[in-house]
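Student: fold the following.
(chains A and B)
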Amino acid sequence: MAIDVRIFGPLRLDSGLKAISIDALEGQRRLRDILLELGSLKGLETLRAVATEGREEGAPFIILVDGKNCMLLQGLDTLVKDGQRISVFPPSGGG
Amino acid sequence: MGFSEKIRVLHVDLSSGQIKRQELDDEVARKFIGGRGAGTYLLGTLLKGQEDAFSPENPLIFATGPLTGTAAPTGGRYMAICKSPLTNLVACSNSGGQFGAELKRTGTDLLLITGKASEPVYLLLEDEKTEIRPASHLWGRDTHFTTAAIKKELEMEGAKIACIGPAGENLVRFACIINDLHRAAGRSGVGAVMGSKNLKAVVVKGSSRPEAKDNELFMDVVKDRVKTLQENPVTGQGLPSLGTKVLDNIINEHGAYPTRNFQTGVFESTDEVCGEALVEKGYLKKNRGCYACPIKCARVTELPTGAKGEGPEYESGWALGAAVGVKDLIAITEANYLCNLLGLDTISCGLTLACAMELFEKGIIKREELQGGPALEFGSSEALVFYTQKMAYRDGFGKNLAEGSLRLAKSYNAPELAMAVKGQELPAYDPRGVQGQGLSYATSNRGGCHVRGYLIAPEVLGIPEKLDPQATEGKAHWVKVFQDLTAVIDSMGMCLFTSFALGAEDYLALLNAFTGRGYTLEEMMECGERIWNLERALNIRFGMSPESDTLPERLLKEPMPEGPQKGNTVRLSEMLPEYYKLRGWDENGIPSGETLKRLGLDQV
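Tutor: Sure thing, here's the model as predicted:
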């Protein structure tokens, strides 16, 4: 088992990455650490800033854990478990 | 043309051929801003209430706002306003492109069209000159042919054209008006009302740019807000790069992407049809903007089949995709092109088909009724393209579809299968996953609609702040504020997408700099509230029962079957009473005499 990360929007186009499997290490990991790890990949560098600077001003990145916005969980300190799914979207709008 | 304090109305009566100019009182401009507000005010002075939407008495109003045609960012919007043949309520459909700005340049704020021409005609407005011209040779033609033929015929450089396709001529209840080939005043059947008047097109060509009361100040405010829009990650980056279709995955990952007529909120093939796929498959060629728009969210596309056009945008791609279970992006894009050519509203088209597909799935619509057409099966690309064509011509089973989902479902004694509010089909967010959006749908003045109060912004996108989409507490207040501010933005003549980056104070600065009216923030928001209450009062005059402030039974009673929203329904009863109270309406949803008096609407 692992943590399934889905990348969307311009982040997907910039990185060419759709889905990344992250090792869950001892069964769970902090969301912030996962973003830091993803931020080392080409095209996903902004995730490093999101992880270190926390919630940015204005429109936020949308980061879901099993469909629930992390801001309604424990934010970047949310513990993500083995088998869960993370969805990452840069600030977005439409309608 | 200089600065105009007054709202200038050009009235064309197609029955008599009379053309008149008039001005609305200064007070109307101050109280209703212009555009949506002033146009709806004018509608209210002309209709008693029981007139049929297709009768010559139903006026069709093209309404520009004070900022339409100016340098204000996205300041090119207009509204098409009339009584809707789909909902029998106020229809008020917004569109961008270049048409609205050009209409303003002719020196007209509101174009009022009444009566019915005895033969097909089109209208030509060239500055002060107005002409009713024959259009029998264009009747039956699609919107692209019509636009090209008129351009050739007039040889008028820079003329902008709004027209209807066969769907409008054939009184399809959700026919739209298409301007500048690819932009639509989409919803509530405004194109069918145009068709009922034998009016094929409106052509505008103007040479006078509107001037602000204080031009220097206005341009300073404009420059500053353009910069805000360009620097904002949503309006400066997200929307230009993927358009509105960036939402497919966001809403699907939230489990609120309505699939197969709202039977579930997760579409298993989203990856195949999403905005990212449109880029990855190479169909997206470039993006394009409307008049004075720094955002440029429109998609210029080309398919491997050689077909070219614009779109699909988020709503259209969803309605012709997940809503009908279709996962073939080529078929979805082709159906979208067809809707633009034939003049059909994509949302109502897709969701009416979805309703028919569920009726077919349940064995209620029988195969033999389809008159040789393909089976109405969810996921069928063939059925999607075939019936889109058929409904525009009211041909074969298309005749039943042309009535919209509610009339269709009622004819089979299954109204609960129409995913519509007040007779208008719902857009692309399942409210079981977004409670405030559910309240917004239930109370929208034009029925199922996402652009009367876009609660998706705070509840899903975190703009201007992140709300819990499953909380009901406080949502009534958010819905009211969004509805009122939206009425202001629409009435000014700007695009709602600016609100991803701009706040109420920004609109106030733009409005005051241009008009010199010196509104306070409270006064401006009260204008929004007034417009909202005016629409409500007119709807009640038109026969709306407040009991229709509800949602399809499925969304209130059937728990979401799977995905992140599994088990959820819309808890409307936790929000609606508070909403009525905040609005100053009685417990039955009727605006109190006191509220109407406070807003200066006691004569309505």
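
Student: can we go C-alpha only for contacts and neighbour counts from here?
Tutor: Will do.

Student: burial count for residue 33?
Tutor: Went with chain A since none was named. Neighbour count for residue A:33, taken as other Cα atoms under 10 Å in any protein chain shown: 16.

Student: wait, chain B was what I had in mind.
Tutor: Number of residues near residue B:33 (other Cα under 10 Å) recorded here: 29.

Student: for chain B, give me its nearest residue in chain A.
Tutor: residue A:94 (4.2 Å; Cα to the nearest Cα).

Student: next, the contact list for the spatially closest residue to that residue that is not a sequence neighbour, please.
Tutor: Excluding its sequence neighbours, the residue lying closest to residue A:94 (Cα to Cα, 6 or more residues apart in numbering or on different chains) is residue B:244, at 4.2 Å. Taking Cα atoms under 8 Å, 6 or more residues apart in numbering or on different chains, we find residue B:244 in contact with A:93, A:94, A:95, B:275, B:297, B:313, B:314.

Student: adding distance to residue A:78, write those out as CSV.
Tutor: Output for the contacts of residue B:244, formatted as CSV (distance: Cα to Cα, whole Å):
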residue, distance to residue A:78
A:93, 25
A:94, 28
A:95, 29
B:275, 29
B:297, 34
B:313, 34
B:314, 31
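
Student: the lowest-mean-pLDDT helix or strand in chain A close to chain B?
Tutor: Least confident helix or strand of chain A, by mean pLDDT, DSSP states H and E, is helix A:46-53 with a mean of 89. No. Using Cα under 8 Å from any Cα of the partner chain, no contact is recorded between helix A:46-53 and chain B, whose separation bottoms out at 12.3 Å.

Student: output the helix or strand just after that helix as CSV - backbone C-alpha positions only.
Tutor: Using DSSP states H and E, the helix or strand that follows helix A:46-53 towards the C-terminus is strand A:62-65. These are the backbone C-alpha positions of strand A:62-65, laid out as CSV (Å, rounded to 0.1, in the frame of the first residue of the first chain):
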residue,chain,number,x,y,z
ILE,A,62,-6.9,23.2,-3.1
ILE,A,63,-5.5,20.1,-1.4
LEU,A,64,-8.0,17.3,-0.7
VAL,A,65,-7.5,14.1,1.4
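
Student: quick one: the strands in chain A?
Tutor: A:3-7, A:19-22, A:28-30, A:62-65, A:68-69, A:79-81, A:85-89 (DSSP state E).

Student: can I get the ones you listed in a markdown table with mean neighbour count?
Tutor: Formatted as a markdown table, these follow (neighbours: other Cα atoms under 10 Å in any protein chain shown):
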| stretch | mean neighbour count |
| --- | --- |
| strand A:3-7 | 21 |
| strand A:19-22 | 14 |
| strand A:28-30 | 17 |
| strand A:62-65 | 23 |
| strand A:68-69 | 24 |
| strand A:79-81 | 20 |
| strand A:85-89 | 22 |
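
Student: could you dump those into CSV with mean pLDDT and distance to residue B:484 added?
Tutor: As requested, the strands of chain A are exported to CSV (pLDDT from 0 to 100; distance: least, Cα to Cα, whole Å):
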stretch, mean pLDDT, distance to residue B:484
strand A:3-7, 97, 35
strand A:19-22, 96, 41
strand A:28-30, 95, 41
strand A:62-65, 96, 27
strand A:68-69, 96, 27
strand A:79-81, 96, 40
strand A:85-89, 97, 29
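
Student: dump the ones you listed to JSON lines, plus distance to residue B:29.
Tutor: Formatted as JSON lines, the strands of chain A follow (distance: least, Cα to Cα, whole Å):
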{"stretch": "strand A:3-7", "distance to residue B:29": "48"}
{"stretch": "strand A:19-22", "distance to residue B:29": "53"}
{"stretch": "strand A:28-30", "distance to residue B:29": "56"}
{"stretch": "strand A:62-65", "distance to residue B:29": "40"}
{"stretch": "strand A:68-69", "distance to residue B:29": "43"}
{"stretch": "strand A:79-81", "distance to residue B:29": "55"}
{"stretch": "strand A:85-89", "distance to residue B:29": "42"}
